[in-house]
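J.: this is a predicted model, with the sequence first.
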Amino acid sequence: MTITAASAEHGVYEVTFVLRAGADAVYFAGDTMLIPELAEIPRRLGHISLALLPTNGLHIRPAGNKQVVMNADEAAELTALLKPELAVPHHYAFTKGFLSDRLITHSDKDPLRYRNVSHDLAPETSVRIVEPGIRVEL
């Protein structure tokens, strides 16, 4: 298996990862925003079999409501660029607790929004919403 770091931004510069074993590759987007460099992943690193993408569009209220994670629409746009066979949304269940969710952060906790937008923008990609403990095999 090879692991290659790719660009990311989550309020500050970060990295995401492509994990490749033979013909299969998994792109793990962590908490990144949609940035132009991500469109280069297929050209630079080849076909992506599975994309794990954050979809909650996390905003930090005290920082001027600054968005620090891509939202469902942006994740669907990235899905269309990466063209994975399968995409799994993550980070939608993120919580800072009752008070913090209302005072500090704001996010979209519905993974169905990503699935619906991806169906329109990337109809060739299958989207699976995975509950904790459920196994996904390539």
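T.: Received, thanks. Numbers count the residues shown, from 1 in each chain.
J.: helix or strand: which one has residue 89?
T.: Using DSSP states H and E, residue 89 falls within strand 86-90.
J.: state the phi and psi torsions of the residue sitting furthest away from the middle of the chain.
T.: Computed with CA atoms, centre = their mean, the residue of the chain farthest from its C-alpha average is residue 99, at 25.6 Å. Main-chain torsions, residue 99, degrees, to the nearest 10: phi -70, psi -50.
J.: how close does it get to residue 136?
T.: 34 Å (CB to CB, to the nearest Å). For the C-beta atoms, the positions are set from N, CA and C on the backbone; glycine is no exception.
J.: if we can go back for a sec, outside of the strand holding residue 89, which residues touch it?
T.: 49-55, 72, 75, 79, 111, 114-115, 118, 122, 125-130, 136, 138 (CB atoms under 8 Å, 6 or more residues apart in numbering).
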